[in-house]
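J.: My questions are about this predicted structure, shown below with the sequence.
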Amino acid sequence: MNIAIRKIIDIMSEYDVNIDNENYDKEFETIIITCNITKINNSWKKSSLYISSNASEIANKEKYFQSKDDLINLKVKKPPFIQLIDNNEIEFIDGRNRFANLRDIKCLYMPFIVYTYEKEIINILY
(Lines give C-alpha, C1' and ligand atoms only; values in the text may rest on other atoms or scores of the structure.)
Protein backbone atom coordinates (compact mmCIF):
# COMPACT_ATOMS: atom_id res chain seq x y z
CA MET A 1 0.00 0.00 0.00
CA ASN A 2 1.38 3.37 -0.91
CA ILE A 3 2.54 5.66 1.91
CA ALA A 4 -0.07 8.38 1.25
CA ILE A 5 -2.94 5.86 1.39
CA ARG A 6 -1.48 4.33 4.57
CA LYS A 7 -1.39 7.80 6.18
CA ILE A 8 -5.04 8.47 5.26
CA ILE A 9 -6.10 5.09 6.68
CA ASP A 10 -4.09 5.69 9.88
CA ILE A 11 -5.72 9.10 10.40
CA MET A 12 -9.21 7.65 9.92
CA SER A 13 -8.45 4.69 12.20
CA GLU A 14 -7.57 7.07 15.03
CA TYR A 15 -10.81 9.05 14.76
CA ASP A 16 -12.60 9.41 18.10
CA VAL A 17 -16.19 8.26 17.52
CA ASN A 18 -17.19 9.79 20.85
CA ILE A 19 -16.94 13.22 19.24
CA ASP A 20 -20.20 12.37 17.46
CA ASN A 21 -21.90 11.01 20.57
CA GLU A 22 -22.86 14.31 22.20
CA ASN A 23 -26.31 13.00 23.10
CA TYR A 24 -25.07 9.60 24.15
CA ASP A 25 -27.58 6.80 23.71
CA LYS A 26 -26.40 3.22 24.23
CA GLU A 27 -28.62 2.02 21.37
CA PHE A 28 -26.75 4.28 18.94
CA GLU A 29 -23.23 3.73 20.24
CA THR A 30 -20.66 3.57 17.45
CA ILE A 31 -17.28 1.97 16.92
CA ILE A 32 -14.63 1.91 14.20
CA ILE A 33 -13.95 -1.37 12.39
CA THR A 34 -11.91 -2.23 9.29
CA CYS A 35 -13.69 -3.78 6.31
CA ASN A 36 -12.87 -5.07 2.85
CA ILE A 37 -13.56 -2.32 0.31
CA THR A 38 -14.50 -4.74 -2.50
CA LYS A 39 -17.14 -6.45 -0.34
CA ILE A 40 -18.59 -3.13 0.82
CA ASN A 41 -18.64 -1.84 -2.76
CA ASN A 42 -20.37 -4.97 -4.10
CA SER A 43 -23.16 -4.54 -1.55
CA TRP A 44 -23.43 -0.78 -2.10
CA LYS A 45 -23.80 -1.17 -5.90
CA LYS A 46 -27.47 -2.02 -5.32
CA SER A 47 -28.13 1.40 -3.76
CA SER A 48 -29.64 4.32 -5.66
CA LEU A 49 -26.92 6.47 -4.03
CA TYR A 50 -24.06 4.38 -5.47
CA ILE A 51 -21.10 6.35 -6.86
CA SER A 52 -19.67 4.56 -9.88
CA SER A 53 -15.95 4.27 -10.52
CA ASN A 54 -16.74 5.41 -14.06
CA ALA A 55 -16.19 9.19 -13.99
CA SER A 56 -18.83 9.84 -16.65
CA GLU A 57 -21.48 8.27 -14.37
CA ILE A 58 -20.68 10.33 -11.24
CA ALA A 59 -23.67 12.58 -10.58
CA ASN A 60 -21.96 15.10 -8.29
CA LYS A 61 -18.46 15.37 -9.74
CA GLU A 62 -17.67 18.52 -7.77
CA LYS A 63 -18.26 16.79 -4.43
CA TYR A 64 -16.36 13.68 -5.56
CA PHE A 65 -13.30 15.70 -6.62
CA GLN A 66 -13.44 17.93 -3.52
CA SER A 67 -13.40 14.77 -1.41
CA LYS A 68 -10.38 13.52 -3.35
CA ASP A 69 -8.59 16.83 -2.74
CA ASP A 70 -9.43 16.66 0.99
CA LEU A 71 -8.03 13.12 1.20
CA ILE A 72 -4.83 14.04 -0.64
CA ASN A 73 -4.31 17.04 1.65
CA LEU A 74 -5.06 14.96 4.76
CA LYS A 75 -8.02 17.17 5.70
CA VAL A 76 -10.23 14.15 6.39
CA LYS A 77 -10.16 12.50 9.78
CA LYS A 78 -13.56 10.85 9.94
CA PRO A 79 -14.05 7.46 8.29
CA PRO A 80 -17.23 6.73 6.35
CA PHE A 81 -20.25 5.76 8.47
CA ILE A 82 -22.16 2.70 7.24
CA GLN A 83 -25.19 0.76 8.40
CA LEU A 84 -27.02 -2.39 7.45
CA ILE A 85 -30.32 -2.17 5.60
CA ASP A 86 -32.60 -4.83 4.10
CA ASN A 87 -30.96 -8.20 3.40
CA ASN A 88 -27.85 -7.10 5.33
CA GLU A 89 -26.78 -4.77 2.56
CA ILE A 90 -24.72 -1.65 3.18
CA GLU A 91 -25.92 1.93 3.05
CA PHE A 92 -23.82 4.99 3.81
CA ILE A 93 -24.91 7.42 6.49
CA ASP A 94 -21.89 9.61 5.73
CA GLY A 95 -18.72 9.38 3.62
CA ARG A 96 -19.80 7.99 0.24
CA ASN A 97 -17.35 10.20 -1.65
CA ARG A 98 -14.45 9.40 0.72
CA PHE A 99 -15.16 5.72 0.22
CA ALA A 100 -15.49 6.03 -3.58
CA ASN A 101 -12.17 7.89 -3.83
CA LEU A 102 -10.29 5.32 -1.76
CA ARG A 103 -11.94 2.52 -3.74
CA ASP A 104 -10.90 4.18 -6.99
CA ILE A 105 -7.24 4.36 -5.96
CA LYS A 106 -7.34 0.63 -5.21
CA CYS A 107 -7.26 0.74 -1.42
CA LEU A 108 -8.15 -2.77 -0.20
CA TYR A 109 -9.28 -2.19 3.41
CA MET A 110 -10.32 0.87 5.33
CA PRO A 111 -11.94 1.87 8.63
CA PHE A 112 -15.67 2.50 8.89
CA ILE A 113 -17.86 3.84 11.67
CA VAL A 114 -20.64 1.36 12.47
CA TYR A 115 -23.27 0.99 15.14
CA THR A 116 -21.92 -1.24 17.88
CA TYR A 117 -24.95 -3.53 17.68
CA GLU A 118 -24.14 -4.20 13.98
CA LYS A 119 -20.40 -4.78 14.48
CA GLU A 120 -20.45 -8.57 14.57
CA ILE A 121 -22.58 -9.10 11.47
CA ILE A 122 -20.64 -6.47 9.49
CA ASN A 123 -17.36 -8.11 10.52
CA ILE A 124 -18.68 -11.49 9.33
CA LEU A 125 -20.07 -10.21 6.03
CA TYR A 126 -17.55 -7.52 5.12
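T.: Done, it's in. Numbering: from 1, shown residues only.
J.: Next, count neighbours for the closest residue to residue 43 other than its chain neighbours.
T.: Distance criterion Cβ to Cβ, 6 or more residues apart in numbering; nearest residue to residue 43, sequence neighbours excluded, is residue 90 at 4.2 Å. (Glycine included, C-beta is placed from N, CA and C.) Neighbourhood size, residue 90 [other Cβ atoms under 10 Å]: 25.
J.: continuing past the lowest-mean-pLDDT helix or strand in the chain, what's the next helix or strand?
T.: The weakest-scoring helix or strand in the chain, judged by mean pLDDT, DSSP states H and E, is helix 3-13 (a mean of 81). Next helix or strand after helix 3-13 toward the C-terminus (DSSP states H and E): strand 30-36.
J.: need the strands for the chain, in chain order.
T.: 30-36, 81-85, 89-94, 109-115 (DSSP state E).
J.: and of those, who's closest to residue 13?
T.: strand 109-115 (4.7 Å; Cβ to Cβ).
J.: Pull the contacting residues for residue 109.
T.: With contact set as Cβ atoms under 8 Å, 6 or more residues apart in numbering, residue 109 has these partners: 9, 34, 35, 36, 37.
J.: where's the dip in pLDDT among those residues?
T.: Least confident of those in the model: residue 9, at 85.
J.: Greatest separation within the contacts of residue 109: which pair is it?
T.: 9 and 36 (13.2 Å).
J.: Show me which of these two is the more surrounded one.
T.: residue 9 (19 against 13).
J.: Can you pull out the low-pLDDT segments for the protein?
T.: For the chain, applying pLDDT under 70 flags the ranges 1, 18-27.
J.: one more time with 80
T.: 1-5, 16-28, 55-56 (pLDDT under 80).
J.: for the residue nearest to the spatial centre of it, what are its contacts?
T.: Nearest residue to the geometric centre of the chain (Cα atoms, centre = their mean): residue 80, 3.0 Å. By Cβ under 8 Å, 6+ apart, the residues touching residue 80 are 92, 94, 95, 96, 98, 99, 110, 112, 113.
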